[in-house]
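Student: give the three-dimensional model of this entry:
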Amino acid sequence: MFLPVLFSLMVFGQLKESRKASLVEYVNPLVGTDSDHSLSNGNTYPAIALPWGMNFWTPQTNKMGNGWGYMYHDVKIRGFKQTHQPSPWINDYAAFSLFPETGELIVDENRRASWFSHKVEISKPHYYRAYLSDYDVVAEIAPTERAAQFRFTFPESSSSHILVDAFDKGSMVKISPNEKKITGYCRNNDGGVPENFHNYFVIRFDKEFTELATWKDSVYTKGSNMAEGGHVMAIISFKTKKGEQVHARVASSFISLEQAELNLSREVGEQTFDQTRNKAAETWNKEFARVKVEGGTVDQNRTFYTALYHTMLFPRKFYEIDANDKVVHYSPYNGKVLPGYQFTDNGFWDTFRAVYPYFTLMHPTLSSHIMEGLANTFNESGWLPEWASPGHRDCMVGSNSAVIISDAYLKGIRGFDISKLYEAILKNTENEGPMHSVGRFGVKYYNKLGYIPYNVGVNENTARTLEYSFADWCIWKLAKDLGRPQEEIDRFAKRALNYQNVFDKSVNFMRGRNEDGTFQSPFRPDKWGDAFTEGSSWHWTWCVFHDPQGLANLFGGRQQMADRLDEMFAAAPTFDYSYYGTQIHEITEMLIANMGQYAHGNEPVQHAIYLYDYLGQPWKGQYWIRQTMDKLYNPNPDGLCGDEDNGQTSAWYVFSAMGFYPVASGTGEYAIGSPLFKKITLTLENGKKFEIDAPQNSAENIYLNKITLDGAVYDKNYITHTAFLKGGKLQFDMTKVPNKFRGTLPESFPYSFSNHAK
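Tutor: Numbering: from 1, shown residues only. Next comes the predicted model:
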């Protein structure tokens, strides 16, 4: 009796450990998919992918070209799509799909769509499974970085089909039955591509075709093996037995068909489907294991690792490995194939805040490669990107490439040409670009007056002023570190204070200012847009990341600024949408959150909670941080509270759950909040481990009573990047009653430019 029982206990323990180690199982890629144009709970799709992979795959429930490609409330799937979409507002490019059918062939995407149920759907980063009830087919997907495997389980049928839809806006397919292969290209995009843009794909099957056909611009041709036109498809047919599995190995390339074949050979080769799936799971688990959380609820674990998954999807690797094992890329800027790294599908307006600081902390090698990619972008286009997908896109405001470059270099990340990047940064500070999002729109006014006037035809002028001012502070720091001329250093030090020029002390808000120096009137702090970007003065008044003390001085003191922060959470959620002409979804998301004027669903105000650390009232931040994590994030399809925006909204959660947040890139500091778990262990790339312990942590014990760092009492409201890199242990003594004495003195506050300008 003893040995069998012991053996059973050992097996159970091993299974338990195995499940515990498979952190990818916590991830729910359906989080954020319960969204539409009018209300975003994330505006995501279930990306079946590897971290920062060149290609993602996703089930497609919506029609071709619709940015909301997968919507949780949809009930039919019409394809399994290779996607590169970073946002529904930017839309997709280089997309094509596979779709299995049985019985009568149906080509039209609306008519072919099959009913499916979330009850039998499996969605994980490394694996997707759906049952297509109309055809009695199970479809499964397992990804690599540039390839994937499909496994279709068919019923008994004399007419089973797989349809390859190369989509519209220019495509080609070629069926090679002797090789059991389909090749082709697709050219669909929504901008940001050169004339010679193609996504070349190859699909190899393990079953002979009994029939083949093509479809070209509404014309079906049986027996045809090639089609090229505006919108083409390839169809292969065969007989199947009940339960027969047909495999498709697929890869693509932006360089050539030959490179697509090479990508397929390298990344899939002769692997079985299960081997590809297991390797993908191992890849995710390896990354997740570097941030080990303990002592949380199952839902908190699910929310955390799903957020971490979202943080590690973008920017997309837009490079490939050639036949000589060299890193090369097709340039989405000049159309040439060139050596070196390239990344895309990112809006720095969103991701400079927390995503890139996460990379500098946990993935410095990746950060170095991204910096090299930025230098390549400048060489290939003459400009730094601010929103790329895959090339420059005219979206959002700011000059945030300077922020992420400065932050990476100042944190000691090397391996890229900082001289070239600094040259690019300087060019931005003096020039408008070929579109408003590139260079600095309104730069002549900004450099001459110290702000962009409200009445000179430059939209969202005050927001631009605030973002340029922060970027100029980052440049000042970088210029000093690089030993640039003193005149240049002084110029950016002066511009770093330009935020002061759009603060109206008579109302204690940021406000549009006319060219003659008067403030625009009438003024409503709850007016969205106009002088601001996707927000109101309630949100943008806090966008002085580098100088909260200077901002407090404008308010008349730290208490006055704290009072206005308090008011933001207590105020009625009124709004004026006249600038947009309609109630945009960001406004709705603020309203339903029931947190006053605080609009966490959009980026400008996400750091504001942490400003209490700079004002001597950190317990207030601790309260609102936990409120935000608990109320606005969950592991379900509605588990986000606004646009995910390339991982930024999730990166806020990742940092906040760890107990700190990078309010100001370039300072090398992280403001301390309220950790969510009893213990988190970070395994850094340099091999060091950093522990964050909060053994008394609970839903009630959200306040920090005392902090120790490596056993010594620590009275700061921040922790440095250097401290993390050294490894160590940060211990939080958590209580349910706020400690209103700890962290209240100026020597405990994080960095402010006004205190360190010289």
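Student: okay, helices next: where are they in the stretch 151-300 of the chain?
Tutor: Using DSSP state H, counting those that start in this stretch, the helices of the stretch 151-300 of the chain run over 257-267, 273-288, 298-311.
Student: out of those helices, which is closest to Phe150?
Tutor: Within these, the stretch nearest Phe150 is helix 273-288; the backing value is 8.0 Å (C-beta to C-beta). Every residue, glycine included, has its C-beta placed from N, CA and C.
Student: neighbouring contacts of that closest one?
Tutor: Under the contact criterion C-beta atoms under 8 Å, 6 or more residues apart in numbering, helix 273-288 has outside partners 21-24, 27, 50-51, 124-127, 140, 142-144, 148-149, 151, 247, 268, 271, 305, 308-309, 312.
Student: just the buried ones from those, in ChimeraX syntax?
Tutor: Applied in ChimeraX, the following selects the buried portion of those according to 16 or more other C-beta atoms under 10 Å:
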select :22,23,24,27,50,51,124,125,126,127,140,142,143,144,148,149,151,268,271,305,308,309,312
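Student: in strands, which of the contacts of helix 273-288 fall?
Tutor: Using DSSP state E, the members of those that fall within strands are Lys124, Tyr127, Glu140, Ala142, Pro143, Ala148, Gln149, Arg151, His247.
Student: just to revisit the earlier point, winner for burial among the helices of the stretch 151-300 of the chain?
Tutor: helix 298-311 (a mean of 23; mean count of other C-beta atoms under 10 Å).
Student: by how many degrees do that one and helix 273-288 diverge?
Tutor: Here helix 298-311 runs at 100 degrees with respect to helix 273-288, directions being taken by axes from the mean of the first three to the mean of the last three C-alpha atoms, to 10 degrees.
Student: count of neighbours near the nearest residue to Pro746 once chain neighbours are set aside?
Tutor: Closest residue to Pro746 apart from its sequence neighbours, by C-beta to C-beta, 6 or more residues apart in numbering: Gly616 at 7.5 Å. The number of residues packed near Gly616 is 18, by other C-beta atoms under 10 Å.
Student: where does the stretch 151-300 of the chain have low pLDDT?
Tutor: Within the stretch 151-300 of the chain, no stretch has pLDDT under 70.
Student: correction: the chain
Tutor: Ranges of the chain meeting pLDDT under 70: 1-21, 757-758.
Student: now the residue positioned nearest the centre of it: how far from Thr344?
Tutor: Nearest residue to the geometric centre of the chain (C-alpha atoms, centre = their mean): Asn646, 1.9 Å. To Thr344, Asn646 is 11 Å away according to C-beta to C-beta, to the nearest Å.
Student: got it, and His539?
Tutor: Relative to Thr344, and taking C-beta to C-beta, His539 is found at 28 Å.
Student: quick revisit: where do the contact lists of Asn646 and Thr344 overlap?
Tutor: Pro315.
Student: how about the residue nearest to Pro746, phi and psi?
Tutor: phi 80, psi 20 (degrees, to the nearest 10).
Student: pretty sure it sits against Leu745.
Tutor: Yes. Using C-beta atoms under 8 Å, Gly616 is in contact with Leu745, at 6.9 Å.
Student: can you check which helix is longest in this protein?
Tutor: Identified as the longest helix of the chain according to DSSP state H is helix 461-482.
Student: now do the following helix or strand past that helix: distance to the chain's middle.
Tutor: Downstream of helix 461-482, the next assigned helix or strand under DSSP states H and E is helix 486-495. Relative to the centre of its chain, helix 486-495 is centred 33 Å away, using C-alpha atoms, centre = their mean, to the nearest Å.
Student: repeat that for stretch 364-383.
Tutor: On C-alpha atoms, centre = their mean, the centre of stretch 364-383 falls 18 Å from the chain's centre.
Student: check which residues of it are buried.
Tutor: Using 16+ other C-beta under 10 Å as the test for burial, stretch 364-383 gives 364, 366-383.
Student: one step back: in contact with the residue nearest to Pro746, which residues?
Tutor: Contact analysis of Gly616 by C-beta under 8 Å, 6+ apart lists Arg558, Ala562, Gly743, Thr744, Leu745, Pro746, Ser748, Phe749.
Student: top of those residues by neighbour count?
Tutor: Highest count within those by other C-beta under 10 Å belongs to Gly743, 24 neighbours.
Student: pretty sure it belongs to a strand, no?
Tutor: No. Counting by DSSP: H, G, I helix; E, B strand; the rest coil, Gly743 is located in no strand; its state is coil.
Student: spatially, what comes nearest to Pro637 if we skip its sequence neighbours?
Tutor: Closest residue to Pro637 apart from its sequence neighbours, by C-beta to C-beta, 6+ apart: Asp34 at 3.8 Å.
Student: for Lys505, that is, sorry about that
Tutor: Nearest to Lys505 is Leu554, by C-beta to C-beta, 6+ apart, at 6.3 Å.
Student: contact partners of the helix or strand containing the one you found?
Tutor: Secondary-structure assignment from DSSP H and E places Leu554 in helix 548-555. Counting contacts by C-beta under 8 Å, 6+ apart, the residues outside helix 548-555 that touch it are 497, 499-500, 503, 505, 508, 542, 544, 558, 560-561, 564, 611, 614-615, 663, 749-750, 752-755.
Student: continuing past it, what's the next helix or strand?
Tutor: helix 558-570.
Student: starting at the chain centroid, how far to that next one?
Tutor: For helix 558-570 - counting by C-alpha atoms, centre = their mean - the centre lies 30 Å from the chain centre.
Student: ok, now stretch 497-511?
Tutor: Per C-alpha atoms, centre = their mean, the centroid offset for stretch 497-511 relative to its chain is 31 Å.
Student: use 296 as the first number from now on
Tutor: From this message on, residue numbering opens at 296, which makes the last subject stretch 792-806.
Student: tell me the buried residues in that stretch?
Tutor: By 16+ other C-beta under 10 Å, the buried positions in stretch 792-806 come out as Leu792, Asn793, Tyr794, Gln795, Asn796, Val797, Phe798, Asp799, Asn803, Phe804, Met805, Arg806.
Student: likewise stretch 882-892?
Tutor: Neighbour-count burial for stretch 882-892, counted by 16+ other C-beta under 10 Å, picks out Ile882, Thr883, Glu884, Met885, Ala888, Met890, Gly891, Gln892.
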